[in-house]
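1. coords please:
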Amino acid sequence: MNTDQRPNLFYALCRRGGMLLLCLFAAAVTGLSATGWADSIYLITGTEDEGTIILDPDQKTPPDLSSKLLYVSSGAKGYDLTLQEDTTVTVRHEGTAVTVQSHKESISSILSRLHVAPSPLEMVGVKVSESGVDLNVASDLTYYDYVTENVSFSTQRVANPDMPQGEEKVVQKGADGVRSSVYEVVWSNGAELSRQFVEELSTTAVDQIVEYGTKSKAKPAKPDKQDPDALLTEHGETGGGIAGVSENTDGSGTLTLKDGTVLKYSGVRTMTATAYTSGHDGVGTRTASGTAVHVGSVAVDKSVIPLGTRMYIVAGGSVVYGLAVAEDTGVKGNKIDLFYDTYEECIQFGRRTCTVYILA
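-> This is a model prediction of the structure:
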């Protein structure tokens, strides 16, 4: 989930309907432009079955795209694409956007016509939609890649209040399977920089479910160290938890923690929370903000919660994650990932609904 760079995102096409959209590309083959774009890298999204297609001038043989009505012209310097006449094309480069109609010409020809002067390491992101074709010309490009991959089963731990503490029982055996997944892929200066797991769309894997006992003869004076929720609460809690909440009519308010700390918040969100840690699903030791991962680092969709936002998080009622900062990315929508030090803690946390107080 970590990376030191996060360029502006451009999104992959919806898998359904990809064939219709790709009909915008013509079957005509043209000569390569002398502008230098023929030897650039093309990142083409919306290819449905194959995911994103990379056209690299170093490839000796271009991919077979004839079944998708997408044809590649080749020459001494690399590959190019030809668009259907009167296709609406929007070119984005160095903070500007220009929209033109194609004249049954190659992408390199359009760029040359618009006097787009590339640097040696800039690439072309090709995004097809119902309204036309978007060409994003930049040295840093990010897209969502849809893949099918083998996956191992996960283990879910469920508390059983009727089972004595210290006992465990497997109530459902796990089974490996195949899943459809979304990855956030970052390219920089002509090379893939990072590939991070974002979301699981579907899977044939079966979770293993383990029940653990929480029944005790006597109520412990301190949090039960065998109770995963007690461990999570103690581990992440800041200020002893919330003693009181005062809410204003505009949605803002004040949190008073049990140790007397007072925090002002500007708003409250109900979000779906999962846990992550380094060394699993491609997560490294650095966040998208460049900081070292630590408890209190959370991953967000930065279009929902901006990076740098301070929060106070309570998950599932009994687990207080406490003070946190939006320092990482790799999730989509109204979701948040909470960093824990160990994989065991992540398994114990699972997936929960959480209350996120946006601190003022």
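2. for this protein, which strand is longest?
-> In the chain, taking DSSP state E as the definition, the longest strand is strand 262-276.
3. That strand pairs with which strands, and in what direction?
-> Its sheet considered, strand 262-276 pairs with strand 253-257 (antiparallel), strand 335-339 (parallel), strand 351-359 (antiparallel) by DSSP bridges.
4. Which neighbouring elements make contact with the helix or strand just after it?
-> Using DSSP states H and E, the helix or strand that follows strand 262-276 in sequence is strand 297-300. Judged by 3 or more CB pairs under 8 Å, 6 or more residues apart in numbering; DSSP states H and E, strand 297-300 is in contact with strand 319-328, strand 335-339. Bear in mind the C-beta positions are built from the backbone N, C-alpha and C, glycine included.
5. buried set for whatever helix or strand comes next after the last one?
-> If you walk from strand 335-339 toward the C-terminus, the next helix or strand you reach (DSSP H and E) is helix 343-349. Using 16 or more other CB atoms under 10 Å as the test for burial, helix 343-349 gives Glu345, Cys346, Ile347, Gln348, Phe349.
6. For helix 343-349, the averaged confidence score.
-> For helix 343-349, the mean pLDDT works out to 84.
7. And stretch 165-173, by the same measure?
-> Rounded mean pLDDT across stretch 165-173 is 89.
8. all helices of the stretch 51-200 of the chain, in order?
-> Ranges of helices in the stretch 51-200 of the chain, per DSSP state H, counting those that start in this stretch, are 107-113.
9. Break down it into its strands, ranges please.
-> Ranges of strands in the stretch 51-200 of the chain, per DSSP state E, counting those that start in this stretch, are 53-55, 72-74, 79-81, 88-93, 96-101, 123-129, 132-138, 140-151, 155-164, 168-172, 177-188, 191-203.
10. Out of those strands, indicate the one that is most buried.
-> Comparing the strands of the stretch 51-200 of the chain by mean neighbour count (mean count of other CB atoms under 10 Å), strand 79-81 comes out on top with a mean of 23.
11. how near is the closest residue to Thr291 other than its chain neighbours to Arg310?
-> Excluding the flanking residues, the one nearest Thr291 by CB to CB, 6 or more residues apart in numbering is Glu327, at 5.3 Å. From Glu327 over to Arg310 the distance is 11 Å, taken as CB to CB, to the nearest Å.
12. who has more neighbours, these two?
-> Counted by other CB atoms under 10 Å, Glu327 and Arg310 do not tie: Glu327 has more neighbours, with 24 against 15.
13. Per-residue pLDDT of the more buried one, please?
-> pLDDT, read off for Glu327, is 92.
14. can you pull the pLDDT of the closest residue in space to Val100 that isn't next to it in sequence?
-> Once flanking residues are discounted, Val100 sits nearest to Val89: 5.6 Å by CB to CB, 6+ apart. Per-residue pLDDT puts Val89 at 88.
15. From Tyr212, how far off is Val89?
-> To Tyr212, Val89 is 59 Å away according to CB to CB.
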